[in-house]
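**Q** this one's structure only:
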């Protein structure tokens, strides 16, 4: 029986991907480490301020690459360019991402080679003199805190560990680093996302972020989670959050500043943040008060000007059109970092016609960091490079020494995994959903009692050891629902929850511990009962046998072998390695 993403809940097939699905899983999920060298904290000077469970969406930190395979491109967010394609050596290079909504985006007249996206092999800051300061602009992490390594970590981009290494290198080189983030730390909801948000904020503080906006998805979190993040309780490690037009518990409450003045070398940078109107309308949180972006900027712009900053920077969680309109309405801003651009940042920022303002796109899933060098040079006051956070940042030379992944980020991720283990599935409010067939899972061993040849083939594939790869990770991932969904039997791969009778733990459900037969063929209890002469009412043996048959097509594999996890997945190449039709 054929299963697809559109009809998988209407058919008795559990994530039909996964029998194909764990073939690459033996490469493992996330590996995260990295030694240190703390970035210098920059003082933050606050001027006087003019204060005036919906369903989870499928995304997971384990997936970093945007889809590229034609079979999976329907998973790419609207107006986002596919970001990477395999090269002859098995690495990846990004496709140009200078199109928005199907039309080429305009570029600055002096942008140079602006039609090409930043490439992994581009040298870092070639011919740059030492800047007065560097702004490192990021955003749209979307829950992808670390590459999982399902298709080889070296082929995947992004991760907080690599970002930390980049920042540490800049600091070690003596540059005045000002990390800022446009928001969008998470992209779905529930207890696990709340834990991940808290862990991510701890990571941003460790990296000494100076200004962080709140995206619309972030602002849908419960008030207690947001309060813990934005309220400043540790003066030695201050909260970096800022927003001009969104306030927790109202604008008359001093929970979060509306602007920040950041000293950076001999320069002074004024920063504020806004939600665009399209994002603001999506917020349905009674603890959050908002106002329009233009109204908010008008209120605080006098204070920003009074601070006599060398540069004004706006963090806009907004579309390109909204960011462009704000640039034209408020030409005082030198830089607008916005969230609604291409999946991969372009090679150069866009100069808004008729202004001095340049638009900086952050990309998606934390795959890049945009570095803006600020110089005391009227001929070239700033330089720019979109830095792809690829495998070269797993080991990088810092202060003359080759260092590996960040130990601070490793500890943060280990603590996050420990929390998942402590809470368990029930503590994470992952209630098993009824399978549409009404049948129960029996485990691959039960299938193998009759289907001996097919079972023997499965036993020799990585599918039969899918969960083992999670146990061997650093830190281990066998308690992470976002990993379990493709590594065990009886889960929905893209919704990250178990079906009733699906895998719970190695202790409770050991027979469902790997990526087994029923993930493609559906739960087998009714089929086994019929074979033993006790077919359920209304079902005959022939019908149940037909129901368990699954066509060998790529559509049955891509829920796990998607563009994030299996960037080089080719059904025609991989299916023969697991093929078993007609064997019994």
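**A** Received, thanks. Since the structure is predicted, the reported quantities are computational estimates derived from the model, not experimental observations.
**Q** Could you use CA atoms for every contact and neighbour count after this?
**A** Will do.
**Q** same question for the helix or strand harbouring residue 296, mean pLDDT?
**A** Residue 296 is part of helix 293-306, with elements assigned from DSSP states H and E. Over the span of helix 293-306, the pLDDT mean works out to 97.
**Q** so what does it touch, helix or strand wise?
**A** With contacts taken as 3 or more CA pairs under 8 Å, 6 or more residues apart in numbering; DSSP states H and E, helix 293-306 sits against strand 259-264, strand 267-275.
**Q** how many degrees apart are the shortest one and helix 293-306 in direction?
**A** Using axes from the mean of the first three to the mean of the last three CA atoms, to 10 degrees, the direction of strand 259-264 lies 40 degrees away from that of helix 293-306.
**Q** could you say what helices and strands strand 259-264 packs with?
**A** Counting by 3+ CA pairs under 8 Å, 6+ apart, the packing neighbours recorded for strand 259-264 are strand 267-275, helix 293-306.
**Q** Which of those sits closest to residue 562?
**A** strand 267-275 (31.2 Å; CA to CA).
**Q** just how off-centre is the helix holding residue 296 within its chain?
**A** 32 Å (CA atoms, centre = their mean, to the nearest Å).
**Q** what does stretch 552-564 give?
**A** Using CA atoms, centre = their mean, the offset of stretch 552-564 from its chain centre is 20 Å.
**Q** Now it: average pLDDT?
**A** Per-residue scores along stretch 552-564 average to 82.
**Q** would CSV of the helices and strands packed on helix 293-306 with mean neighbour count, distance to residue 315 and mean pLDDT be doable?
**A** Compiled in CSV, these are given as follows (neighbours: other CA atoms under 10 Å; distance: least, CA to CA, whole Å; pLDDT from 0 to 100):
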stretch, mean neighbour count, distance to residue 315, mean pLDDT
strand 259-264, 22, 10, 95
strand 267-275, 25, 4, 97
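**Q** Can you verify my assumption that residue 409 contacts residue 203?
**A** Yes. Taking contacts as CA atoms under 8 Å, residue 409 lies within contact range of residue 203: 6.7 Å.
**Q** how far off strand 267-275 does the helix or strand hosting residue 336 point, in degrees?
**A** Using DSSP H and E, the element containing residue 336 is strand 335-340. Orientation check (the same axes, to 10 degrees): strand 335-340 against strand 267-275 gives 30 degrees.
**Q** about what we covered before: tell me which of the helices and strands packed on strand 259-264 approaches residue 142 most closely.
**A** The minimum distance between residue 142 and those falls on strand 267-275, with 16.4 Å, by CA to CA.
**Q** And the next helix or strand after that closest one, how far out from the chain middle?
**A** Using DSSP H and E, the helix or strand that follows strand 267-275 in sequence is helix 277-280. What separates the centre of helix 277-280 from the centre of its chain is 21 Å, taken as CA atoms, centre = their mean.
**Q** which parts of helix 277-280 are buried?
**A** 277, 280 (16 or more other CA atoms under 10 Å).
**Q** Contacts for it next, please.
**A** For helix 277-280, contacts defined as CA atoms under 8 Å, 6 or more residues apart in numbering pick out 215-216, 290, 292-293, 317-319, 322.
**Q** Kindly report the same for stretch 428-435.
**A** Residues contacting stretch 428-435 (CA under 8 Å, 6+ apart): 9, 12, 190-192, 420, 425, 497-502.
**Q** Apply 6 Å and report the result again.
**A** Contact partners of stretch 428-435, identified using CA atoms under 6 Å, 6 or more residues apart in numbering, comprise 191, 497-500.
**Q** Pick the one among those closest to residue 352.
**A** Proximity of those to residue 352 (CA to CA) peaks at residue 191, which lies at 40.8 Å.
**Q** give me every residue that touches the closest one.
**A** residue 428.
**Q** do residue 140 as well
**A** By CA under 6 Å, 6+ apart, the residues touching residue 140 are 183-185, 364-365.
**Q** Relative to residue 268, which of these is nearest.
**A** If you rank those by distance to residue 268 using CA to CA, residue 183 comes first, at 22.4 Å.
**Q** From what I see, the closest one and residue 216 are in contact.
**A** No. The criterion here is CA atoms under 6 Å, and residue 183 misses it with residue 216 at 8.3 Å.
**Q** Compare those two (neighbour count), which wins?
**A** residue 183 (28 against 25; other CA atoms under 10 Å).
**Q** For the more buried one, give its distance to residue 133.
**A** Separation of residue 183 from residue 133 (CA to CA, to the nearest Å): 22 Å.
**Q** now swap in residue 330 and tell me
**A** Taking CA to CA, one finds residue 330 at 23 Å from residue 133.
**Q** Those two - which one has more neighbours?
**A** For residue 330 versus residue 133, neighbours defined as other CA under 10 Å are more numerous around residue 133 (24 against 16).
**Q** any chance you could map the helices in the stretch 301-450 of the chain?
**A** With DSSP state H, counting those that start in this stretch as the criterion, the stretch 301-450 of the chain has helices at 320-329, 407-427, 444-448.
**Q** I'd like these written out as a markdown table, with distance to residue 536 added.
**A** As requested, those are exported to a markdown table (distance: least, CA to CA, whole Å):
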| stretch | distance to residue 536 |
| --- | --- |
| helix 320-329 | 57 |
| helix 407-427 | 31 |
| helix 444-448 | 18 |
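**Q** right, and residue 336 touches residue 359 too?
**A** Yes. At 5.0 Å, residue 336 counts as touching residue 359 under the criterion of CA under 6 Å.
**Q** Residues that sit against both of those two, list them.
**A** Going by CA under 6 Å, 6+ apart, no residue sits against residue 336 while also sitting against residue 359.
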